[in-house]
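# Whatever this is, show me its structure:
(chains A and B)
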Amino acid sequence: AQSVTQLGSHVSVSEGALVLLRCNYSSSVPPYLFWYVQYPNQGLQLLLKYTTGATLVKGINGFEAEFKKSETSFHLTKPSAHMSDAAEYFCAVSEGTGNQFYFGTGTSLTVIP
Amino acid sequence: DAGVIQSPRHEVTEMGQEVTLRCKPISGHDYLFWYRQTMMRGLELLIYFNNNVPIDDSGMPEDRFSAKMPNASFSTLKIQPSEPRDSAVYFCASIRRGEAFFGQGTRLTVV
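Residues are numbered from 1 along each chain as shown, chains lettered A, B, ... in the order given. Modelled structure (predicted):
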């Protein structure tokens, strides 16, 4: 069975500071990994994804994540936080083409001016 | 492509009434998922379909909830009778090549 753990349901950073949102997963097969962002009163929007190939993936709005198989992690980072980054972030894993998506419980990011 | 389309965006109904939520997935996507999101429980998978066939409905909370997908371009989630604890945002997502595309959600309020 697959599962996703997001450490820290709430993260606060100062504007301009590094953003680090943690995600660990468990999967019995090579996973597809995703980060989604949800702005208030909006649906979930894909931020970035890892399927195969390069383990460092870049997404929209300056975010990136690195797939570390040995650590079963897929942490999301951004060098410099912007006020507009304040949102809910969800990590997700799937087995690939189809089947269930397993979402983490989400991390609410607050950016302090 | 217009993306996944859900209707209505907002629904307010009285307890005991029937509620039907609608979803139009992206054309060509062969998986469709229904999720419920609340502050207390986060994102919960209710049911998912593959090629219009329900595959796993173990997340459907009660018999009051039912979902159908009569064709590849339309799905409904029905709650009958509705209760205040059903108040949540309901999302539909269609999947292709392992990537999920979400609709904007339906915010349901049962009073």
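# only C-alpha atoms for contact and neighbour calcs from this point on.
Will do.
# Name the nearest residue to residue B:78, sequence neighbours excluded.
Closest residue to residue B:78 in three dimensions, ignoring its sequence neighbours and counting by C-alpha to C-alpha, 6 or more residues apart in numbering or on different chains: residue B:20, at 4.4 Å.
# Number of residues surrounding the one you found?
Using other C-alpha atoms under 10 Å in any protein chain shown, residue B:20 has 15 other residues around it.
# swap in residue B:70?
By the criterion of other C-alpha under 10 Å, residue B:70 has 11 neighbours.
# Not counting sequence-adjacent ones, nearest residue to it?
If you skip the residues right next to it in sequence, residue B:70 has residue B:52 as its closest partner in space, 6.7 Å away by C-alpha to C-alpha, 6+ apart.
# Can you get me a residue count around the one you found?
Using other C-alpha under 10 Å as the criterion, residue B:52 is surrounded by 18 other residues.
# what do you get for residue A:15?
Here the number of neighbours of residue A:15 (other C-alpha under 10 Å) works out to 17.
# Distance of it relative to chain B?
In this structure, residue A:15 lies at 26 Å from chain B, with C-alpha to the nearest C-alpha, to the nearest Å as the measure.
# hey, where'd the strands end up in chain A?
Counting by DSSP state E, chain A has strands at residues A:3-5, A:10-14, A:19-21, A:24-26, A:32-38, A:44-50, A:56-58, A:64-68, A:73-78, A:87-94, A:101-103, A:107-112.
# What pairs with the fifth one, parallel or antiparallel?
Paired strands of strand A:32-38, with direction, are strand A:44-50 (antiparallel), strand A:87-94 (antiparallel) (DSSP bridges).
# what's residue B:70 sitting at in phi/psi?
Listed backbone geometry of residue B:70 is phi -70, psi -20, with angles given as degrees, to the nearest 10.
# roughly how far apart are it and residue B:59?
With distances defined as C-alpha to C-alpha, to the nearest Å, the gap from residue B:70 to residue B:59 amounts to 20 Å.
# do residue B:10 as well
23 Å.
# got it, and residue B:47?
If you measure residue B:47 against residue B:59 using C-alpha to C-alpha, the figure is 6 Å.
# more crowded one of the two?
In this view residue B:47 and residue B:59 are compared by other C-alpha under 10 Å, and residue B:47 has more residues nearby, 24 against 14.
# Whichever strand or helix holds that one and chain A, are they touching?
Residue B:47 belongs to strand B:42-50 when assigned by DSSP states H and E. Yes. If you take C-alpha under 8 Å from any C-alpha of the partner chain as the test, strand B:42-50 does meet chain A, through B:42, B:43, B:48.
# Tell me the buried residues in that strand?
Neighbour-count burial for strand B:42-50 flags B:43, B:44, B:45, B:46, B:47, B:48, B:49, B:50 (criterion: 16 or more other C-alpha atoms under 10 Å in any protein chain shown).
# Show me the strands paired with that strand, marking each as parallel or antiparallel.
Partner strands and pairing direction for strand B:42-50 (DSSP bridges) are strand B:31-38 (antiparallel), strand B:53-56 (antiparallel).
# average model confidence for the shortest one?
When you say that, I think you mean strand B:53-56. Along strand B:53-56, the predicted confidence averages to a pLDDT of 92.
# now do stretch A:106-113
Rounded to a whole number, the mean pLDDT of stretch A:106-113 is 96.
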